[in-house]
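3D, please:
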Amino acid sequence: MTKQEFLQRLNRLLADVTQEEREEALRYYEEYFDEAGPEQEQAVLAELGSPEKVAAIIKANVPGSRIPPRYQTPGAGQAAGAAAGAAQYANPPQYPGAAQKNDNRTLFWVVVVAAAILLSPLWLSVLGTVLGILAAVAITGAALAFSGAAMVVAGIVVVGKGFLTIWTGVGTALLVAGLGVLDVALGFALLGIGLALLWLLVWLWRMAVRGWYWAKGKLAQNKARGNEQ
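Numbering: from 1, shown residues only. This next block holds a predicted model:
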């Protein structure tokens, strides 16, 4: 049995108590499981007992609730059972290790925050360097792409001018047109390099997003495995 199965069955067993009492009880035991932690889930289930037992204890403390006959005891035994149930529901046993686990978690995050503050000059400088490199790549890529496009347009104009001046001399016209073709070729080269740099930034962004979702998936899988154990 898992935590969710326990709480779902307990919810069904408490169908004949008031909604407020039922929600309070379910919230209490869910917090009790959370405090113990996923790795202690089975030990907590063993200590609490079956959902039927817990439901009987809760109902013994709710005025007007209907306690199943198999959980009723006659006379003084019934009163003693109700008193014991009230004590257990009001102050259930604290599972050994739960408080220590919470303390360890708090200490861990205190250490993480302290380390982040102490190492802030280092990781801020690294972050600034990385952002500066990315910005430089973006600016360079955009400048090369713009310059390449401008050279392509200018080369086309020069080629056209060369053919238009062919009447002044074939050699001169071919020279001008050749220079225009060279400008077009260099312009396409610069344009390609600039677009490649910009595409590199897009690719890096996609890889970063994929890495983020991969890390989140791994954390979710580890949490699910912890809940199953």
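
alpha carbons only for contacts and neighbour counts from here, please
OK.

Next, find the distance separating residue 186 from residue 175.
Between residue 186 and residue 175 the distance is 17 Å, computed by Cα to Cα, to the nearest Å.

ok, these two, which is more surrounded?
Higher neighbour count among residue 186 and residue 175: residue 186, with 18 against 14, using other Cα atoms under 10 Å.

Wait, the more buried one touches residue 150, no?
No: using Cα atoms under 8 Å, residue 186 is not in contact with residue 150; the gap is 10.5 Å.

in the protein, which spans are helices?
For the chain, applying DSSP state H gives helices covering 3-13, 19-36, 41-48, 51-59, 75-90, 98-118, 120-164, 170-228.

Who are the packing partners of the first one?
Contacts defined by 3 or more Cα pairs under 8 Å, 6 or more residues apart in numbering; DSSP states H and E place helix 3-13 against helix 19-36, helix 51-59.

Let's have the ones you listed in CSV, adding distance to residue 141 and mean neighbour count.
Shown next, in CSV, are the helices and strands packed on helix 3-13 (distance: least, Cα to Cα, whole Å; neighbours: other Cα atoms under 10 Å):
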stretch, distance to residue 141, mean neighbour count
helix 19-36, 51, 16
helix 51-59, 65, 21
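
Select, out of these, the one closest to residue 143.
Closest to residue 143 of the helices and strands packed on helix 3-13 is helix 19-36 (Cα to Cα; 55.2 Å).

measure residue 186 to residue 152 for me?
Distance from residue 186 to residue 152, by Cα to Cα: 8 Å.

and if you look at residue 193?
With Cα to Cα as the criterion, residue 193 and residue 152 are 14 Å apart.

How many neighbouring residues does residue 198 have?
19.

Equivalent analysis for residue 147, please.
Neighbour count of residue 147, defined by other Cα under 10 Å: 18.
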